[in-house]
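1. Fold the following.
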Amino acid sequence: MREETKKYFPPQYQGIVDIIPKDIYQVLVNERGNENIISMLKKAYRDVNEDLTRNIWESVILFYRYNENRYFQAINVAKELYYTMIEYEEEKEEYISKGMPLVWIRDNYIMLESPFSAKKYMMLTLIEDAIRDSKEKGKAYLNTNQGGSYFRLSFYHGMSDNEINRYVKEIFNIYLRNEKESKVFYPDWFLLQLSNEWMIEYPAIKEHMYYEINREYLSFLIEESKKDERGKIFEELSAYLLSGIPGFRTKHNLRTDTFQIDILCENNRSQIDPISELGLFIPCECKNETEKSVSLGSVAKFHSLLESTKCKAGIVFSINGLSGEKNEEEKFAAKELIKIYQRSGITILNITMVDIELVQKGENFISILKKKYKELRFDYTKNE
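-> Down below sits the predicted model:
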C-alpha cells in the first residue's frame, strides 16, 4: 500500500512515506478527517527538537498535500506542529527554528490560490530562517542555497536581493536586542516590528474570511497586557488582531501637531466585502483602563478625530467596553455610537476584552467586526 501511495509524491519526497509510523499511516489512509492524526502526533511526538520527530510530522503534512490534495488538512497539521514547537520553546525556555511548518503552510496556500496568506507565511518563514542562519554565522546572514525562504521570495514572489537582505538585517538586529525575552519565540511578533512594504499582494476573494493568527502568541499578548499598566502591550494586542485580516496593514503611534492615532489601519479589502465600507483608512484608539469603561467624552474626542481626518470609521479597543453597555450608568456612550452613525454616517466600533477572548477560543475576528457593524448600522443587538 505504501508503494501505491508513493506514486503521488514527487521523487525527492517518496522516501518520506516510509518514515510514517504504521499506526499513523493506517489512520491516514482509512480516515477522511485529521483530528485523530493530530491527537496521535501531539501525544507521541512532542520532542520537536529531534529530527525524527520533525520528519514524522512533516511526512504527514506532505501526505495530505500530495496524496489527495487535502491542502487545508495539511495546513491544519502544519499549524499544530508550529504551536507544538512554540510550546516546547516556552517549556524549555530556549529558541528553536520553526521555519519548516511555516513554509509548508505557505506552499499549501499557494496551491489554494491564496496569495495574501501565502506571502504572510513566507515572511514568517524568512524570519525563522534569518534567525537560524544569522545565529550560526554570528552576523546578519541568509543561506541562499539551503532553506526554503530565499528562492521562494526571489523566484516566486519577486522580492529583490536588496530587499531580502534588508529584512534579514532588520530581523537579526531585532533578535539581538530582545534575545533574552520570550517574545522572540514568536515570529508573528517580529513581523509586527518590520516595515510592511512586503505586503504588495491583495487578498483573493476566497481569502476574505480567512483569519490567520497564532493562537499561542495571542494568548501570550493577552496575559502580558494584564501586567502592563502603560497600555503598550494592549496596543500590540489590538494591532495583532487587525493584522490577521487579509488586506489590512497597520501602523503604530502616528503623531501630528494636532492629534495622536494609536493604530492606523489601511483597508485594502475588495469592494464586495462589507468591511470595505469602513473606508480606506481606519484609525484605532486603545483604552486599557481596567477599573472603568470608556466615557462619552473619550468617544466624542475620537469622533472629532475621525471627522478632521475625513475617515468613515474608527475602532475603539477597550478592556471594559463603553459606558452604558453593562447598565444604566453615566452617559450611555454605547448608545452614542448609534447616534453618531445616524447623524454623521461615521462608524465607531468597540472591541472589548470579551471579544478578544472569543477570538482566543477560535471565533473569527472578521465575523465579530461584521456583526458589530451590522448592529450599529441597523440599531439592533438581537441574535440572527
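2. Which pLDDT value goes with residue 22?
-> In this model, residue 22 is scored at 90, pLDDT.
3. scratch that, residue 329 is what I was asking about
-> pLDDT, residue 329: 44.
4. Do a quick rundown of the strands in the stretch 201-350 of the chain.
-> 248-255, 260-267, 281-287, 313-318, 347-352 (DSSP state E, counting those that start in this stretch).
5. Just want the angle from the fourth one to strand 281-287.
-> So that's strand 313-318. Relative orientation of strand 313-318 versus strand 281-287 (axes from the mean of the first three to the mean of the last three Cα atoms, to 10 degrees): 20 degrees.
6. for the second one, same thing?
-> Between the axis of strand 260-267 and that of strand 281-287 there is an angle of 140 degrees, by the same axes, to 10 degrees.
7. Just want the angle from strand 260-267 to strand 248-255.
-> 160 degrees.
8. what does strand 260-267 rub up against?
-> Contacts with strand 260-267, where a contact means Cβ atoms under 8 Å, 6 or more residues apart in numbering, come from 235, 238-239, 242, 247-255, 275-276, 278-286, 305, 315. All C-beta atoms are positioned from the backbone trio N, CA, C, and that covers glycine.
9. If you drop the residues flanking it in sequence, what lies closest to the residue nearest to the spatial centre of the chain?
-> Geometric centre of the chain, nearest residue: residue 213, 2.8 Å, by Cα atoms, centre = their mean. Leaving aside its sequence neighbours, residue 213 sits nearest to residue 244 (Cβ to Cβ, 6 or more residues apart in numbering; 4.0 Å).
10. and the one you found, how far is that from residue 365?
-> The spacing between residue 244 and residue 365, counted by Cβ to Cβ, to the nearest Å, is 6 Å.
11. Over to residue 245?
-> To residue 365, residue 245 is 7 Å away according to Cβ to Cβ.
12. what about these two, which has more around it?
-> When neighbours are counted by other Cβ atoms under 10 Å, residue 245 and residue 365 differ, and residue 245 comes out ahead with 26 against 19.
13. Find the helix or strand that the closest residue to that one other than its chain neighbours is a member of.
-> Of all residues not flanking residue 245 in the chain, residue 366 sits nearest, at 5.8 Å (Cβ to Cβ, 6+ apart). Using DSSP states H and E, residue 366 sits within helix 365-378.
14. What is the neighbour count of residue 81?
-> Counted with other Cβ under 10 Å, residue 81 comes out at 28.
15. Contacts only, for it.
-> Residue 81 touches 41, 48, 54, 57, 58, 61, 100, 101, counting by Cβ under 8 Å, 6+ apart.
16. Most neighbours among those, which one?
-> Busiest of those [other Cβ under 10 Å] is residue 101, holding 27 neighbours.
17. by contact count, what packs against whichever strand or helix holds that residue?
-> Assigned by DSSP H and E, residue 101 belongs to helix 99-111. Under the contact criterion of 3 or more Cβ pairs under 8 Å, 6 or more residues apart in numbering; DSSP states H and E, helix 99-111 touches helix 51-62, helix 71-92, helix 115-137.
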